[in-house]
Each structure stands twice: as structure tokens, then as C-alpha cells.
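S.K.: I need the structure of the sequence given here:
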Amino acid sequence: MRKKLRVAAYAICVRDDQLLLARGPAPDGTPEWMLPGGGMEHGEDPYDTVVREVEEETGYRIELTGLLGVDSRRHHFRRGFGRTVDHHGVRLLYEGRVVGGELRNEVGGSTDLAAWQDLSAVPGLTRVGLVDAGLALWRQRPAAGRFTRPEG
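M.R.: Residues are numbered from 1 along each chain as shown. Sure, this is the predicted structure:
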């Protein structure tokens, strides 16, 4: 079994009761909404990762105003030739504030659309689970900075 660790950083940017999201393809190709952010490059600080990724995916320059917490998730899946991968994703979630730039879509990247979505509409969107984890951290601000996934 192959073991894979992926460390990534994402931003929760809320203004006027709207959340900044990017849209990209799910593994089956279906479009789904996600938080702007992504994987760290070797040697890169997670702070720099999220600032870079948000600008790449949305066109906005952001200022990080706090570390909300960490979402750690491990799952197994099959890759080509029946090989099993033990994947561990560690995602750092920061609160961010837009300080410049203009909203635009990413060209030639992992997302195809960036948009502000009403917080009340988020539950009805096709989205990755990290959106809910990030919003829970943003709303609850747990002292330990850890999101606990509901059972089931």
C-alpha cells in the first residue's frame, strides 16, 4: 500500500454574508465548489501557500487575519492497477480578508470559476466537505482549532 501525505492551506473569506469560493471538477468530472487554496510546494510556508493560491484562483490579494484550525482526514482509495493508496490530507484553514485585486476566473489551473456565494445558499451547493469544515471553524472558533467531523 502506498502512503501519501498532502499538506494544503485554504482561506475562509467572508464579507457581507457571502463566502468566496472557487469551482473545480470532482474526481468524476462533476463541478463542485471549494475553498480557494491548495497544496504546499516543498519548502513553502503555509501562509504563503494560501495567499498565492487565493490570488491564482480568484484574482484577489488577501491578508490573513487568523489561523482558524486544522482539518485532518485520512482515507483509502484504489488507483490504477488496483493499487491502494493510504491518503492523509492535512489542511490548514485561515481566515482572510480581501485587500486588493479583482475577481476573475483562473485560466489553465485547477478551477474554472470564482464567485461570492451567499452563506445561506452554501448548503444547497454541490461542494467539497472542506467548505463545511471551514465554515464550522469560522463560526465556532474552537480554542483547540480542531474540526470534529460528525459521525456517519
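S.K.: neighbours of residue 125, how many?
M.R.: Using other C-beta atoms under 10 Å, residue 125 is surrounded by 14 other residues. In this view, the C-beta of every residue, glycine as well, is placed from N, C-alpha and C.
S.K.: where's the closest residue to it other than its chain neighbours, which helix or strand?
M.R.: Distance criterion C-beta to C-beta, 6 or more residues apart in numbering; nearest residue to residue 125, sequence neighbours excluded, is residue 33 at 4.9 Å. In this assignment (DSSP states H and E), residue 33 forms part of strand 31-34.
S.K.: which strands and helices sit next to that strand?
M.R.: Where contact means 3 or more C-beta pairs under 8 Å, 6 or more residues apart in numbering; DSSP states H and E, strand 31-34 is packed against strand 18-25, helix 129-140.
S.K.: among the ones you listed, which is nearest residue 8?
M.R.: Residue 8 lies closest, by C-beta to C-beta, to one member of the helices and strands packed on strand 31-34: helix 129-140, at 9.1 Å.
S.K.: and the closest one, how far from the chain's centre?
M.R.: The chain centroid and the centroid of helix 129-140 are separated by 10 Å under C-alpha atoms, centre = their mean, to the nearest Å.
S.K.: list the buried residues in it.
M.R.: Under the neighbour-count criterion of 16 or more other C-beta atoms under 10 Å, helix 129-140 has 130-138 buried.
S.K.: quick one: contacts for residue 144?
M.R.: Residues in contact with residue 144 (C-beta atoms under 8 Å, 6 or more residues apart in numbering) are residue 69.
S.K.: so it versus residue 74, what's the distance?
M.R.: With distances taken as C-beta to C-beta, to the nearest Å, residue 144 is found 19 Å from residue 74.
S.K.: for residue 39, same thing?
M.R.: To residue 74, residue 39 is 16 Å away according to C-beta to C-beta.
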